[in-house]
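Engineer: Fold the following, please.
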Amino acid sequence: MSDKTFDTNPDMMEKAILISLVTAKDKRNGGDPEMSLQELAQLTETAGVEVLATITQNKESVDSKWFIGKGKVQEVKALADELGATTAIFDQELSGAQVRNLEESLDLKIVDRTQLILDIFAGRAKTREGIIQVELAQLSYLLPRLSGQSKNLSRLGGGIGTRGPGESKLETDRRHIRDRIFDLKTVLEEVVRHRKLHRERRKKAGVTQVALVGYTNAGKSTLLRELTNADVYVENQLFATLDPTSRTLELPNGREIILTDTVGFIQNLPTDLIAAFRATLEEVCEADLVLHVIDSSSSVREEQIAVVNKILGDLGASDKPYIMVYNKRDMCVNNGSLSDLPITGGDNLVISAYDIGDLELLKQSVQDKLSGDVVVFNVPAERGDLIALAYRSGEVIHQEVTEDSLKLTVQVSKQDYEQHGYRLKHYIE
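Structural biologist: Numbers count the residues shown, from 1 in each chain. Predicted coordinates for the structure are as follows:
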């Protein structure tokens, strides 16, 4: 692993058993526990922890004391002793009391899925804003669980679950942590205010914003790099990119747009994390076009698409113009799954981020999508101001001169029309 954030020295590496509880409610909700457990293994490895074994228990409901059944706790204890595990990582969120009970019974560090994801984010955040957002999410998550964290904070001198705020902050009383949360929220409110001002300036300047969204490891950063020559970190890892990156992209007609990479989504993304990163994710809500990047080679592609669509809906961005970008076409050729993909056309594109021809096709599709509808304006010939406005409203593709008017056929995007063309609404033919 090339990311130096996590220590992967074999002698120092933590060793974990992964545990998933599947309840009757989970089955009714139609989730995919196997997919979730596979992701948990990837998340664990991303955090620099070795996976020794996985255990799944099917149970009618959650045990309020142990989360899993008492018999299963004994089974985990025996397996941990046999394999030399140091940590138990649960695929679901635990309460502080459950963490404390499990820790005492298993004599292991106890980490849940939410804490693991937050920990990875803490190791990946590089900008001041990103670091603040992650710390806020971690403290919001840990505040109600402080009573169950004592051994976690001291065991093995750190490791997963202790990055970010650090032991000294977490060992202070709740009042100090609440004060810290208040301070962080105040800083983020200022970030939100600045972002809003920047968005308003971009709109006034006629800047077009396109957002890359998608499941984690779908290839968004690779696309940004290949399209714009951006110097961004690209690695085959979950959450390789955390801090959003924006670059200028020139379309085939010479028009320049701003292309923004965003943090990858994942199922069961911690609520505290979504709340903390809302200022960043609001960029998606303000985008003129969303490129939903999909890992075409994934065996759970449709499930990942559904997760992204749900989060976009939660953010209020589900009605945005979009293009479904089915990335990693080359990998589909290799594994024989290319025929399972939709045919390129309309809102669907099947591409490889490393194919120059595919990138040109993507840029052309973005241009076509942003070009909008064709509108005919019939403007009085003496109104030079309105004629100039029609030219600013879009691309004039045809004009016809009559005795007392000028008929202009213009390709108008929604953004350009809102900025310039609305004054011409009475002259639409």
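Engineer: Quick check: residue 70 vs residue 214, distance?
Structural biologist: Remark: distance between residue 70 and residue 214 (Cβ to Cβ, to the nearest Å) = 41 Å. Where you see a C-beta, it was placed from the backbone N, CA and C, and this is true even at glycine.
Engineer: Of these two, which one has the most company?
Structural biologist: Here residue 70 and residue 214 are set side by side on neighbour count (other Cβ atoms under 10 Å), and the busier one is residue 214, at 26 against 11.
Engineer: Which helix or strand contains that one?
Structural biologist: Under the assignment given by DSSP states H and E, the secondary-structure element containing residue 214 is strand 209-214.
Engineer: which helices and strands sit right next to that strand?
Structural biologist: Other elements packing on strand 209-214 under the criterion 3 or more Cβ pairs under 8 Å, 6 or more residues apart in numbering; DSSP states H and E are helix 220-228, strand 256-261, helix 278-286, strand 289-295, helix 301-315.
Engineer: can I get those in JSON lines with mean neighbour count?
Structural biologist: Supplementary listing: the helices and strands packed on strand 209-214 in JSON lines, determined by neighbours: other Cβ atoms under 10 Å:
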{"stretch": "helix 220-228", "mean neighbour count": "22"}
{"stretch": "strand 256-261", "mean neighbour count": "20"}
{"stretch": "helix 278-286", "mean neighbour count": "19"}
{"stretch": "strand 289-295", "mean neighbour count": "24"}
{"stretch": "helix 301-315", "mean neighbour count": "17"}
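Engineer: So for residue 373, which of those sits nearest?
Structural biologist: Between residue 373 and those, the shortest separation by Cβ to Cβ is 14.6 Å, and it involves strand 289-295.
Engineer: What strands flank the closest one, and is each parallel or antiparallel?
Structural biologist: Partner strands for strand 289-295, per DSSP bridges, with pairing direction: strand 209-214 (parallel), strand 322-327 (parallel).
Engineer: Was I right to think residue 178 contacts residue 142?
Structural biologist: No. Shown here, residue 178 and residue 142 do not form a contact pair, counting by Cβ atoms under 8 Å, at 11.7 Å.
Engineer: Counting neighbours, go ahead and name the busier of the two.
Structural biologist: residue 142 (23 against 12).
Engineer: spatially speaking, which residue is in the middle of this structure?
Structural biologist: Taking Cα atoms, centre = their mean, the centroid of the chain lies closest to residue 264, which sits 2.7 Å from it.
Engineer: Spatially, which residue comes closest to that one, not counting chain neighbours?
Structural biologist: Among residues not flanking residue 264 along the chain, residue 216 sits closest, at 3.0 Å (Cβ to Cβ, 6 or more residues apart in numbering).
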